[in-house]
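Colleague: Provide a 3D model corresponding to the input given below.
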Amino acid sequence: MARRNLNDARYLRDDGRFESAVARAYYAAYQAMWAALGEPPKARQWRHIGIISYFVRGHWCEPNHPETGPGLLEPLRFSLHRLYQFRIDVNYDLTPMSARGAEECIKTAERTIVEIEHLCEGAES
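Modeller: Presented below is the predicted three-dimensional model:
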C-alpha cells in the first residue's frame, strides 16, 4: 500500500496536482510506518502524530535501543512532522502547494520507505 501511494503521489505531482500529491505522499509514509510497527499497542489504529514518535524511536527494528536519548531514526523526525503538517495544510486548510513542496513530501515518503526496507533487510540477515 505504501508503494502504491508513493506511485500515486508521483503521478499526481507530474500532473500538476500538488495538493493531492502531498496527501498521497503522506499516506505512503504513514502506511510504511504502520507496516514496520505492526498494530498499535492500545488502539484500533495509529494516531497520526503518535505513529511518528513510535516509528522514530526505532524499537520496532532494534528492541534494545535505549529508551532515552535520540531515537534510532531521529534524522527522519523533522521531515515526517513537516510532511504531516503539509498534509493537514492541503487537506483541511486548503493551502496551495508548490511543485517544490510536493517534491519535498515525496522525497520524505521515499526516504521513509527506503529506511524501513534497509532496516528490515538487516534484521533478516
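
Colleague: which residues of the chain score low on pLDDT?
Modeller: Within the chain, the stretches with pLDDT under 70 are 122-125.

Colleague: Which helix or which strand is home to C61?
Modeller: C61 belongs to no helix or strand when assigned by DSSP states H and E.

Colleague: Surely it and A36 touch.
Modeller: Yes - assessed by CB atoms under 8 Å, C61 is found in contact with A36 at 7.1 Å. For every residue, glycine as well, the C-beta is placed using N, CA and C.

Colleague: Neighbour count: those two, which is higher?
Modeller: Using other CB atoms under 10 Å, the more surrounded residue of C61 and A36 is A36, with 22 against 18.

Colleague: how near is the more buried one to Y54?
Modeller: Using CB to CB, to the nearest Å, A36 is found at 10 Å from Y54.

Colleague: hey, what's in contact with both of the two?
Modeller: With contacts taken as CB atoms under 8 Å, 6 or more residues apart in numbering, A36 and Y54 have W60 as neighbours in common.

Colleague: coming back round to it: now list whatever residues contact both of C61 and A36.
Modeller: L119, C120.

Colleague: residues in contact with E19?
Modeller: V90, N91, T95, P96, M97, A102.

Colleague: A23 is in contact with the fifth one, correct?
Modeller: What it means is M97. No - taking contacts as CB under 8 Å, M97 lies outside contact range of A23: 9.6 Å.

Colleague: anything in contact with each of those two?
Modeller: Any residue near both M97 and A23 by CB under 8 Å, 6+ apart counts here, and that gives V90.

Colleague: ok, now which ones touch the most centrally placed residue in the chain?
Modeller: Centroid check for the chain by CA atoms, centre = their mean gives A29 as the closest residue, at 2.6 Å. By CB under 8 Å, 6+ apart, the contact list for A29 reads A2, L80, L83, T108, A109, T112, I113.
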